[in-house]
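In: Got a predicted structure plus its sequence, pasted below:
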Amino acid sequence: MGDLQVSQWRRYGHDRLYVNLPEGRSVAWFDRRTGELRVLDEGYRDGVLEVLRPHLLPGTTARSGTDRPDPASSGATPGAPVPVPAPVGAPPVAGPGRPPTGAGARGPGADLAANRPGEALRRKLDELLPGPFDRVLAALLGKRSSAYSWRRGLAGERRVGADLEGFAAAGWRVLHSVPLAGDVDIDHLLIGPAGVFTVNTKFHRGARIWVGDEAVKIGRDSYPYVRRSRAEARRAGEILTRACGFAVEARPVLAFVGADRLTVVPSLRDVHVLLRRELPRLTRLPSVWRPETVEAVHACARNPRTWPGG
């Protein structure tokens, strides 16, 4: 427990002390304005109480961070502080940005950090996978099965997901297949020093893609990717703001896999449109958050109860 570190964080009306592991993951916080103490990882409760002892008031009770947060669109108030929840039953992370392993990772729904890239598409493919007769018939007729586009999408999400996980060393966290509602999910939720990004992956092998202010054109076909990406990011920001208790803006990203050419109109400024190889540009954007803020948002985001589809 001697490795626990205490750092101060003042923002959005909060005055908190965060207790962090050497790798940067937060295991508890103490709000000096409200007297609220939250333990985000029960395995470190004794150590948290020890390092915070000089700052705690008599009678302070440490509460679990797994309680569901109160809805709020702005900062916490003294009478109703909004906690930063930890995921239900989540064990310590094996490394920066990596999903938990072992008994604690109980599959999709237990902790969103355990989701693999393309998790939602993989489940959809299991439902749509044609039988042997259907596959042979489709091959004889020269037709693609209904699962073809889902397989292509899965391949794209796996490639982009692997790229995003490579940003962990720079202080970034990523979640995959984050449920919004019904069959809608966020392909990848990227959280790091530059903020939150909802990454929408699109696989168009060999395509020449034109991206306008509202839509994407590939050949003669038009796709509402831009509008949907904006709506997805806006919704994610609203949800995370309520869960975290401070303003969280999510910015949309369209990531194209396999395209030959990508043209983006200069007037499109609120959506990041990138080829897969250009994704590292996101890590070079100006920093707006300290590491403890990144960890707090990640703790909220990985909790399935944060999301309406979780």
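Out: Nice, I can see it.
In: so where's the stretch 1-150 of the chain uncertain?
Out: By pLDDT under 70, the weakly predicted segments of the stretch 1-150 of the chain are 1-2, 11-14, 23, 65-110, 120-150.
In: The nearest residue to Gly156 once chain neighbours are set aside: what's it in contact with?
Out: Nearest-residue entry for Gly156: Phe203, 3.3 Å, with adjacent residues in sequence omitted and distances by C-beta to C-beta, 6 or more residues apart in numbering. Bear in mind the C-beta positions are built from the backbone N, C-alpha and C, glycine included. Contact analysis of Phe203 by C-beta atoms under 8 Å, 6 or more residues apart in numbering lists Arg152, Gly153, Ala155, Gly156, Phe256, Val257, Gly258.
In: Repeat that for Ser7.
Out: Leu17, Tyr18, Asn20, Glu292.
In: measure it to Pro22 for me?
Out: Between Ser7 and Pro22 the distance is 12 Å, computed by C-beta to C-beta, to the nearest Å.
In: again with Val297
Out: 20 Å.
In: Show me which of the two is the more surrounded one.
Out: Legend: neighbour count by other C-beta atoms under 10 Å for Val297 and Pro22, higher for Val297 (24 against 8).
In: Isn't the more buried one up against Cys244?
Out: Yes: taking contacts as C-beta atoms under 8 Å, Val297 lies within contact range of Cys244: 5.8 Å.
In: Run through the bridge partners of the residue nearest to Gly156.
Out: For Phe203, the beta-bridge partners under DSSP bridges are Val257.
In: Could I get the pLDDT score of it?
Out: Per-residue pLDDT puts Phe203 at 92.
In: Helix or strand: which one has the closest residue in space to Arg10 that isn't next to it in sequence?
Out: Of all residues not flanking Arg10 in the chain, Arg16 sits nearest, at 7.6 Å (C-beta to C-beta, 6+ apart). Arg16 is part of strand 14-20 when elements are defined by DSSP states H and E.
In: Each with direction, which strands does the helix or strand following that strand pair with?
Out: For strand 14-20, the following helix or strand on the C-terminal side (DSSP H and E) is strand 26-31. Sheet partners assigned to strand 26-31 using DSSP bridges are listed as strand 14-20 (antiparallel), strand 37-39 (antiparallel).
In: Single out the most deeply packed of those strands.
Out: Comparing the strands paired with strand 26-31 by mean neighbour count (mean count of other C-beta atoms under 10 Å), strand 37-39 ranks first with a mean of 23.
In: If I take the next helix or strand after that one and strand 14-20, what angle do their directions form?
Out: Sequence-wise, the next helix or strand downstream of strand 37-39 (DSSP H and E) is helix 45-52. Here helix 45-52 runs at an angle of 120 degrees relative to strand 14-20 (axes from the mean of the first three to the mean of the last three C-alpha atoms, to 10 degrees).
In: for this structure, what spans make up the helices?
Out: Assigned by DSSP state H, the helices in the chain fall at 45-52, 119-128, 132-141, 148-165, 225-244, 291-301.
In: which secondary structure elements does the first one contact?
Out: Spelled out, that is helix 45-52. Applying 3 or more C-beta pairs under 8 Å, 6 or more residues apart in numbering; DSSP states H and E, one finds that helix 45-52 contacts strand 14-20, strand 26-31, strand 37-39, strand 62-64.
In: switch to 10 Å and redo it
Out: Here helix 45-52 touches strand 5-11, strand 14-20, strand 26-31, strand 37-39, strand 62-64, going by 3 or more C-beta pairs under 10 Å, 6 or more residues apart in numbering; DSSP states H and E.
In: same deal with the last one?
Out: When contacts are defined as 3+ C-beta pairs under 10 Å, 6+ apart, helix 291-301 sits against strand 5-11, strand 14-20, strand 26-31, strand 173-181, strand 184-192, strand 195-203, helix 225-244.
In: can you rerun that using 8 Å?
Out: Checking 3+ C-beta pairs under 8 Å, 6+ apart, helix 291-301 ends up next to strand 5-11, strand 14-20, strand 26-31, strand 173-181, strand 184-192, helix 225-244.
In: Quick one, which of the ones you listed gets closest to Arg63.
Out: Comparing the helices and strands packed on helix 291-301 against Arg63 with C-beta to C-beta, the closest turns out to be strand 26-31 (10.1 Å).
In: what residues does that closest one touch?
Out: With C-beta under 8 Å, 6+ apart, strand 26-31 has contacts from 4, 9, 14-21, 36-41, 43-45, 48, 52, 55-56, 62, 65, 76, 81, 84, 292, 295-296, 299.
In: contacting residues for Ala170?
Out: Applying C-beta under 8 Å, 6+ apart, the residues near Ala170 are Gly192, Pro193, Thr283.
In: ok, back up a step: tabulate the strands paired with strand 26-31 (JSON lines), appending distance to Asp270.
Out: Converted to JSON lines, the strands paired with strand 26-31 look like this (distance: least, C-beta to C-beta, whole Å):
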{"stretch": "strand 14-20", "distance to Asp270": "28"}
{"stretch": "strand 37-39", "distance to Asp270": "34"}
